[in-house]
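Peer 1: Pasting the sequence and the predicted coordinates here, then a few questions.
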Amino acid sequence: MDGNGRWAQARGRPRLFGHHAGARRVRDVVEACPDLGIKYLTIFAFSTENWKRTQVEVAGLMSLFRRYITREARALKDRGVRVRFIGDRLRLDGKLVVLMDQLEEMTASNDVVHLTIALNYGGRDEVARATKRLAQDVAAGCLSPDDVDEETLPRYLDTHVLPDPDLVIRTSGEARISNFLLWQSAYAEYEFIDTLWPDFSAQELRRLCTSYGARDRRFGAVPA
Ligand code: FPP
């Protein structure tokens, strides 16, 4: 969800103003998913690298995440949205983690849309944490090194219950993936769009879904 800071700066407002506007777009996009046939939506809210921002911005974002969860929980539950969080929770404030756990628990039986929020998430960090747990299982004798293959590692990733992404959308004109779902996106289709996240809309998501539908996905094979 890139471009919040530039969106705010263009209006002469502090960066957090852009993040608040960005949070409102999350609601619109989640609401649009059932109509567009999107069952799984993953949003990148805070990366393992975002701690490098000023203390004011980081604290403001953490407070925004707490407010979002508190304010949206009821609507998410009522709309059938199942919420999951991925990322390393150890560095997050305890109060925020409690709210995250509660939201996951209260929406656990929902199945209309599966919303995954990546918070203190980094693709490399995720693979490193997964590898550590895998190595622990090998050391404990629960897993043989001979059984480690492409199917094994994903079972240790934060996303182990989720399908791989079909389409990754990067807003704000940046053409890089910035540590997002590195393993899972091996065969994802990409859209790099100029729109700043607070200007992103359900209409634009519809347009991107239509364009995705016309793509020829071969997964390395030759078309029949
Ligand atoms: C990147 O844009 C955006 C973030 C680091 C924060 C994203 C968070 C939200 C949209 C808040 C809502 C999230 C939830 C889960 C409700 P940037 O700040 O790097 O923008 P810039 O590149 O223009 O500076």
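Peer 2: Received the coordinates, thanks.
Peer 1: So the spatially most central residue of the chain: helix, strand or coil?
Peer 2: What sits nearest the mean C-alpha location of the chain, by Cα atoms, centre = their mean, is residue 43, with 3.0 Å. The three-state assignment at residue 43 reads strand, by DSSP: H, G, I helix; E, B strand; the rest coil.
Peer 1: quick one, what contacts it?
Peer 2: Shown in contact with residue 43 (Cβ atoms under 8 Å, 6 or more residues apart in numbering): 1, 26, 29, 115-118. C-beta here means a position set from N, CA and C on the backbone, and glycine is covered the same way.
Peer 1: Please point out which parts of stretch 163-182 sit buried.
Peer 2: With burial defined by 16 or more other Cβ atoms under 10 Å, the residues of stretch 163-182 counted as buried are 165, 167-172, 177, 179-182.
Peer 1: what helices or strands is the lengthiest helix in the chain leaning on?
Peer 2: The residue-count maximum for a helix in the chain (DSSP state H) belongs to helix 55-78. Here helix 55-78 touches helix 15-36, strand 40-47, helix 94-106, going by 3 or more Cβ pairs under 8 Å, 6 or more residues apart in numbering; DSSP states H and E.
Peer 1: let's see 6 Å
Peer 2: helix 15-36, helix 94-106 (3 or more Cβ pairs under 6 Å, 6 or more residues apart in numbering; DSSP states H and E).
Peer 1: and the gap between residue 192 and the ligand?
Peer 2: Distance of residue 192 to the ligand, given as Cβ to the nearest ligand atom, to the nearest Å: 14 Å.
Peer 1: ok, that residue to residue 3 distance?
Peer 2: 12 Å (Cβ to Cβ, to the nearest Å).
Peer 1: between the two, which one's more packed in?
Peer 2: residue 3 (23 against 14; other Cβ atoms under 10 Å).
Peer 1: Verify the contact between the more buried one and residue 173 for me.
Peer 2: No - counting by Cβ atoms under 6 Å, residue 3 does not reach residue 173; the two are 7.7 Å apart.
Peer 1: just wondering, since we're on the nearest residue to residue 130 once chain neighbours are set aside, how far is it from the ligand?
Peer 2: Distance criterion Cβ to Cβ, 6 or more residues apart in numbering; nearest residue to residue 130, sequence neighbours excluded, is residue 156 at 3.7 Å. Remark: distance between residue 156 and the ligand (Cβ to the nearest ligand atom) = 25 Å.
Peer 1: Run through the residues that contact residue 156.
Peer 2: Applying Cβ atoms under 6 Å, 6 or more residues apart in numbering, we find residue 156 in contact with 130, 133-134.
Peer 1: and if we set it to 10 Å?
Peer 2: Neighbour list for residue 156: 126-127, 129-137, 143 [criterion: Cβ atoms under 10 Å, 6 or more residues apart in numbering].
Peer 1: List buried residues within those residues.
Peer 2: Looks like the contacts of residue 156 have 126, 129-130, 134, 143 buried, using 16+ other Cβ under 10 Å.
Peer 1: Around the ligand, pick out the residues from the protein.
Peer 2: 1-6, 15, 19, 22-23, 26, 45-46, 50, 61, 64-65, 68, 117, 172, 197 (Cβ under 6 Å from any ligand atom).
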